[in-house]
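Q: Let me see the structure of the following:
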Amino acid sequence: MTKTNKIIIGVIIVVIIIGGIWYIATRESKEEVIKIGAILPLTGESAIAGISIQQGIEIAVEEINKAGGINGREIKVIFEDDQYDNKFTVTAANKLISVDKIDIGIVSFVHGAKAVMPIFEQNKIPLIVAWDSTNELEKGDYIFSTGFSTELSGIKMANYAYNELNLRRVAIVLHQDEWSEVIAPAFKQEFQGLGGEILLEEKVAVGENDFRTIISKIKSKDADAVYLPLVPVNTDIFLKQAKELGLEAQILSGDALIPDIIIAAGEAAEGVYFTSIYVEDNEISQALAGKYREKYGEEAPALPMVAFGYDVILAIKSAAESIEDITSENIKDALYSVDMIGAGGKIKIEANGLSERIEKVFIVQDGDGVLVE
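A: Below is the predicted model of the structure:
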């Protein structure tokens, strides 16, 4: 054997050894952690929601890892900012799956989930929506939700408006947005089914800031109420313009009427009824509030939003603890059996992958949301 051949063989052996070490290290690394990719709006108009969910996730992960992880494996979360813009959501999903090799994904809203459902389905990676759910998510075997049903929230408000507030003539103003275009039809169908009348329906672009023409139309129709399921962009402007123009109709809304919007609207938000998320007054939510204070040095400004992140990790933990071999496929199968109590109350994932939670009705009083039903 020549010296050259010996060198070549030596190089090959070294490459094989290094490759083997890399493979073993990669495999061991993969087995040591459960990788979760969380795509959230951490900047932009919806950042308060994304950051709150991120904080809840961080609290839960820290708690679980300190206790030894899940079946001895720690959780590692990789956060991506989609700015509530689906083109960034899609980019983040591809990166998390192909580069980071995540075991499971989280998104904040159905808005983003619908954009990346095909990607997660094709790669057989389970995806959980933290905040909301709609019937559209039933189309995916790997798509889940631990949040509140958008359709049921619209139905809840329709019943409250008709049966408790005795409203009969309603105008609807909605956004050209995934959430808005689901909750508004659910309200409309239920309200009409109860015997109510929809006087007009106006759809506006997200970012529109002049509602005076629409408000004038509503006044001319002599509507009892306005159903206003706008995403948290310029809802405060609608409320202020409605007050300026003397609109006396009762205003109803959904869970996008977040604290920031109520504060921005000031007196114009007083008396608005809205369906919204909530946390149960239980030991878990009380403990979560305390952990938030300890970690961030202040009271949680939006504990229900923090609970979304906290509870979605608890759901993953509940599923993963029930299986020996923690793989994406096995986690997917186990998620269908999740039945637990979280900070937000009972979360039971049904056969369609959704938790079907129902929001409660609140009214704005003195700048705060007060539970009425």
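Q: just for this protein, where's the confidence low?
A: Within the chain, the stretches with pLDDT under 70 are 1-31.
Q: Without its sequence neighbours, what residue ends up closest to the spatially most central residue of it?
A: Residue closest to the mean C-alpha point of the chain, counted by Cα atoms, centre = their mean, is W131 at 2.6 Å. Once flanking residues are discounted, W131 sits nearest to G147: 4.6 Å by Cβ to Cβ, 6 or more residues apart in numbering. Glycine gets a C-beta too; all of them are placed from N, C-alpha and C.
Q: In contact with the closest residue to L335 other than its chain neighbours, which residues?
A: Spatial nearest neighbour of L335, chain neighbours left out: A319 (4.6 Å); criterion: Cβ to Cβ, 6+ apart. By Cβ atoms under 8 Å, 6 or more residues apart in numbering, A319 lies in contact with I331, A334, L335, S337, V338.
Q: Out of those, which comes closest to I143?
A: Of all the contacts of A319, L335 has the smallest distance to I143: 10.0 Å, by Cβ to Cβ.
Q: backbone phi and psi for the closest residue to S276 other than its chain neighbours, please?
A: Sequence neighbours aside, D255 is the residue nearest to S276 in space, at 4.4 Å (criterion: Cβ to Cβ, 6+ apart). With angles defined as degrees, to the nearest 10, D255 sits at phi -70, psi 0.
Q: Going forward, the N-terminal residue is numbered 428.
A: Fine by me, first position is 428 from now on; the one you just mentioned is D682.
Q: so what's D682 up against?
A: Contacts of D682 (Cβ under 8 Å, 6+ apart): D559, F575, S580, F701, T702, S703, I704, E786.
Q: Make CSV out of the residues you listed and add secondary structure, distance to E472 and neighbour count.
A: Shown next, in CSV, are the contacts of D682 (DSSP: H, G, I helix; E, B strand; the rest coil; distance: Cβ to Cβ, whole Å; neighbours: other Cβ atoms under 10 Å):
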residue, secondary structure, distance to E472, neighbour count
D559, strand, 17, 29
F575, strand, 20, 26
S580, helix, 20, 28
F701, strand, 18, 26
T702, strand, 20, 28
S703, strand, 18, 19
I704, coil, 18, 22
E786, coil, 21, 23
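Q: In TSV: those, plus distance to K648.
A: As requested, these are exported to TSV (distance: Cβ to Cβ, whole Å):
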residue	distance to K648
D559	30
F575	31
S580	25
F701	22
T702	24
S703	27
I704	31
E786	28
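Q: Kindly indicate which of the residues you listed lies nearest I466.
A: D559 (14.7 Å).
Q: The closest one contacts L579, doesn't it?
A: No - here D559 lies out of contact with L579, judged by Cβ atoms under 8 Å, at a distance of 10.2 Å.
Q: what comes up buried for stretch 785-796?
A: E786, K787, V788, F789, V791, G796 (16 or more other Cβ atoms under 10 Å).
Q: Return the subset of these lying in strands.
A: Residues of the buried residues of stretch 785-796 located in strands (DSSP state E): K787, V788, F789, V791, G796.
Q: Can you pick out the most distant pair from those?
A: Taking Cβ to Cβ, no two of those sit farther apart than K787 and V791, at 14.0 Å.
Q: partners of K462 in the sheet?
A: On the basis of DSSP bridges, K462 takes part in beta bridges with K503.
Q: The closest residue in space to F506 that isn't next to it in sequence: neighbour count?
A: Leaving aside its chain neighbours, F506 sits nearest to A465 (5.1 Å; criterion: Cβ to Cβ, 6+ apart). Counted with other Cβ atoms under 10 Å, the neighbours of A465 add up to 28.
Q: in the stretch 678-800 of the chain, which spans are strands?
A: Under the criterion DSSP state E, counting those that start in this stretch, the stretch 678-800 of the chain contains strands at 700-703, 766-769, 772-775, 787-792, 795-798.
Q: For I758, list the residues it contacts.
A: I758 makes contacts with D530, I531, P553, I743, A746, A747, I750, as judged by Cβ under 8 Å, 6+ apart.
Q: Inside helices: which ones of the residues you listed?
A: The helices, defined by DSSP state H, take in I743, A746, A747 from the contacts of I758.
Q: Not counting sequence-adjacent ones, nearest residue to the last one?
A: Meaning A747. Per Cβ to Cβ, 6+ apart, closest to A747 is I497, 4.7 Å.
Q: what bridges to that neighbour?
A: R500.
Q: List the buried residues for stretch 659-677?
A: 659-670, 674, 676-677.
Q: For it, measure first residue to last.
A: Stretch 659-677 has an end-to-end distance of 19 Å (criterion: Cα to Cα, to the nearest Å).
Q: same check, this time on stretch 464-484
A: 11 Å.
Q: buried residues in it?
A: 464-469, 472-484.
Q: Which ones among these map onto helices?
A: A474, I475, A476, G477, I478, S479, I480, Q481, Q482, G483, I484.
Q: From the contacts of A746, pick the one nearest Y737.
A: Among these, and counting by Cβ to Cβ, the member closest to Y737 is V765, at 14.5 Å.
Q: surely I599 meets I625?
A: Yes - counting by Cβ under 8 Å, I625 is a contact partner of I599 at 6.2 Å.
Q: out of the two, which sits in the busier spot?
A: Shown here are I599 and I625; by other Cβ under 10 Å, I599 has more neighbours (24 against 17).
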